[in-house]
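>>> Attaching a predicted model along with its sequence, questions to come.
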Amino acid sequence: MNRVFREEKKYLISLPEALQACHRLAQVMHEDPHNGISGYPVRSLYFDTLDDRDFREKAAGVELRRKLRLRCYDPAADFAMLEMKQKQGASQLKRSLRVTREDAQALTRGDYAPLLRYPESFAAECYALMHSRCYRPKTIVEYDRKAFIAKENKIRITFDSRKFNASLVILAVLTGTVMTVIGNNIALSLGMVGALSIVRFRTAIKDSRDTVYIFWSIIVGICCGVGDYAVACIGSAVTFAVILLLGCIKSDNRMLLIIRAHRSKQEPIKAQVYKLFRAKATLRVENTTEDTVELIYEITQKLLRRAEQTTPDIPGSIYSLGSIDYVNLVMQNDEVSN
């Protein structure tokens, strides 16, 4: 078991500030050996009580609070880290236990018995806590991280963003595009600096992709302004291809199908959903108590429309199983269909 007692501070910064900070830190600190070219992925599954006690305590700013999570840095790894972070004043105590892939998968299903096989007292503590307070898998948080380390004093600085690393690659393409137009033309380069210097935003840009799109439009305008339409078209095509390749454009038509029913209907519900959506609905959360079960599936609007062609009343087909408390369809725009 690993045990770390540290202070942790978090700041929300813009993409230009992050780029500048990364450049400066690279001069005086060591990059994390796991960084690779553009950082590394972090995926965490957070557990919470049935009434979301840990989340509500964090939102309320409770001084003494905890959060329990299962974290992995490589989806193909044969292990994961079970971590508990406890806030104590200005500092935090972080304890972690390495568990096998099979045991981690059991934890995601709400089976905490594998923890009893570990000799560490921390494993027994997690088992007792998760059972006594009915902890269940609640939400997945995934992002990219670029880290810097000061080996002399163990200071660690990280940049976390779902879009940050992708934005770096796209900015490199855009920079190459504008440099192709400027070439050795000093007058044009000075004019571009002047044009960019007058750009001001009253509202802080928090999504790095927004900054990229703004610079993209400016660079295309510059290319068109000097009559170099070919570079504008080719640069835009390459940029768009990179965006698609890195998965920066994702459909927002995803929906959640939430079903709560008596525990005895767990398998019939799974079979019905499997039949309705032809095995393409993804089971994201499965919460169970002694008497009830809650299943949360992720589907797309396209998949829903296809299913409605054969079964127009999808909620009704699920209600027909009996002992169903509710069936909700939650859309990305927060609209709810019962």
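Happy to help now that I have it. Numbering: from 1, shown residues only.
>>> Quick one: list the elements packing against the helix or strand harbouring residue 216.
Following DSSP states H and E, one finds residue 216 within helix 208-225. Taking 3 or more C-beta pairs under 8 Å, 6 or more residues apart in numbering; DSSP states H and E as the contact definition, the neighbouring helices and strands of helix 208-225 are helix 15-28, helix 164-182, helix 186-197, helix 229-245. Every C-beta, even on glycine, is put in place using the N, C-alpha and C of the backbone.
>>> what about residue 290, neighbour count?
When neighbours are defined as other C-beta atoms under 10 Å, residue 290 has 6 of them.
>>> Now the phi/psi pair for it, please.
Backbone geometry at residue 290, expressed as degrees, to the nearest 10, gives phi -60, psi -30.
>>> that older thread, what's the angle from the helix holding residue 216 to helix 164-182?
Orientation of helix 208-225 against helix 164-182 (axes from the mean of the first three to the mean of the last three C-alpha atoms, to 10 degrees) gives an angle of 10 degrees.
>>> pretty sure residue 66 is in contact with residue 85, am I right?
Yes: under the criterion of C-beta atoms under 8 Å, residue 66 makes contact with residue 85 at 6.6 Å.
>>> can you pull out the helices in the protein?
Along the chain, the stretches classed as helices by DSSP state H are 15-28, 53-60, 101-108, 121-132, 164-182, 186-197, 208-225, 229-245, 266-276, 301-310, 314-319.
>>> From the chain's centroid, how far away is the fourth one?
Same thing as helix 121-132. Mean C-alpha position of helix 121-132 versus that of the full chain (C-alpha atoms, centre = their mean, to the nearest Å) differs by 27 Å.
>>> Which elements pack onto that helix?
If contacts are counted by 3+ C-beta pairs under 8 Å, 6+ apart, helix 121-132 sits against strand 65-72, strand 79-88, strand 91-100.
>>> hmm, 10 Å instead?
strand 40-48, strand 65-72, strand 79-88, strand 91-100, helix 101-108 (3 or more C-beta pairs under 10 Å, 6 or more residues apart in numbering; DSSP states H and E).
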